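Q: Sequence and predicted structure, then a few things I'm wondering about:
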Amino acid sequence: MNEIRLKAKAKINLGLDVLRKREDGYHEVRMIMQTVNLYDKITLRAARGSGIRLSVNLRYLPENMDNLAYRAAKLLMDEFSAAQGVEIELNKYIPVAAGLAGGSSDAAAVLVGMNKLFGLGLDAQGLMERGVKLGADVPFCVMRGTALAEGIGEKLTPLPPMPQCHILVAKPKIYVSTKFVYGNLKVAEIKKHPDIDGQIQALREGDLKSLAKRMGNVLESVTIPEYPVIQTLKETMLENGALNAMMSGSGPTVFGLFDQEQDAARAYELLKAGNDAKQIYLCRAQDT
Ligand code: ATP
């Protein structure tokens with residue numbers, strides 16, 4: 001084998017709670033993570049010589065150590081003193097800096113792919129342990145499916161698969177920095193914490209409506225006052241049949257859960273015709 005093709009899938013957060021700010025500056029979170037079928041495409045090729053060559057289809061993304069895909073390859077090549085080089089071709093489709101863990105998922109896919117391509121013999125646990133060095137969301141992107149994420153997001157407990165539904169994902173034209181969002185979050189002032197335990201129960205019961213009803217993301221308290229378009233997108237989805245709609249991660253992407261395909265399709269068309277969202281996708285939840 002000297003080539004491997006991978007799908008690096010995006011995640012949404014069905015619930016996102018922040019419990020406290022730790023002394024080291026990180027926030028302790030409790031989140032329900034869900035993989036969706038919106039993905040970047042990655043090809044890895046074993047190359048003659050040594051080193052890493054990364055090419056990306058988006059001009060504004062780095063092709064060096066600043067790219068998480070590159071960093072993931074370097075981590076394994078250093079540890080295993082690779083005798084061969086690797087070529088990474090990254091085609092981005094997941095919106096960038098969107099709250100969908102695009103970079104983390106690329107890193108996870110490179111770890112998984114390099115392990116196979118070079119026969120490194122790591123199991124999922126070994127990959128996740130290395131992944132957390134690259135970012136808190138990377139272990140989940142290795143695991144995929146539905147999971148509770150605690151700690152800084154790296155402590156994972158698999159959950160039953162999310163009931164099937166139609167997931168409309170819409171990224172507005174704005175840029176929101178994760179650092180800004182967490183930096184401006186006043187944990188002590190959070191009035192309403194999402195019912196994460198209730199969501200876990202809903203997943204156990206396979207109850208989509210109960211799961212949707214309990215959706216909540218405390219980071220919206222920072223982003224919505226600053227960027228009202230996030231609220232507008234939520235309202236458009238709710239007015240068009242979404243069971244619920246919420247911002248994913250630190251945003252600014254908004255997603256809605258629909259039990260009726262025609263409602264999701266109508267909301268998709270409406271957003272396409274309007275000006276509030278730049279990238280819009282109709283997705284499904286993924287177990288792997
Ligand atoms: P998260 O949900 O984990 O916060 P995100 O969706 O908000 O992630 P990313 O798309 O991962 O954010 O990108 C955040 C920043 O990381 C970008 O602005 C970009 O410069 C940098 N970056 C590094 N590598 C990548 C990559 N492979 N894909 C996208 N962005 C990358």
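A: Sure, I can see it.

Q: residues in contact with the residue of the stretch 1-150 of the chain found nearest the ligand?
A: At 2.7 Å from the ligand, G103 is the closest residue in the stretch 1-150 of the chain, using C-beta to the nearest ligand atom. Quick note: C-beta positions are derived from backbone N, CA and C, even for glycine. Shown in contact with G103 (C-beta atoms under 8 Å, 6 or more residues apart in numbering): N67, L68, A69, V96, G135.

Q: and if we set it to 7 Å?
A: Counting by C-beta atoms under 7 Å, 6 or more residues apart in numbering, G103 touches L68.

Q: Could you grab the helix/strand/coil label for it?
A: The three-state label given to G103 by DSSP: H, G, I helix; E, B strand; the rest coil is helix.

Q: residues in the stretch 51-200 of the chain within reach of the ligand, list them.
A: Residues of the stretch 51-200 of the chain lying close to the ligand by C-beta under 6 Å from any ligand atom are 61, 66-69, 96-104, 106, 137, 178.

Q: Pull out the buried residues from the residues you listed.
A: Neighbour-count burial (16 or more other C-beta atoms under 10 Å) applied to these gives 61, 67-69, 97-104, 106, 137.

Q: Tabulate the residues you listed (CSV), appending distance to L211 and pLDDT.
A: Formatted as CSV, those follow (distance: C-beta to C-beta, whole Å; pLDDT from 0 to 100):
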residue, distance to L211, pLDDT
L61, 34, 97
N67, 35, 98
L68, 30, 98
A69, 32, 98
A97, 27, 94
A98, 22, 96
G99, 19, 96
L100, 19, 97
A101, 20, 97
G102, 24, 97
G103, 27, 97
S104, 23, 98
D106, 28, 98
D137, 21, 95
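
Q: quick one: which of those sit in helices?
A: Here DSSP state H is the test, and those give L68, A69, G102, G103, S104, D106 as lying in helices.

Q: Apart from its chain neighbours, what residue comes closest to the second one?
A: The shortest distance from A69 to any residue other than its chain neighbours is 4.2 Å, reached at D106 (C-beta to C-beta, 6 or more residues apart in numbering).
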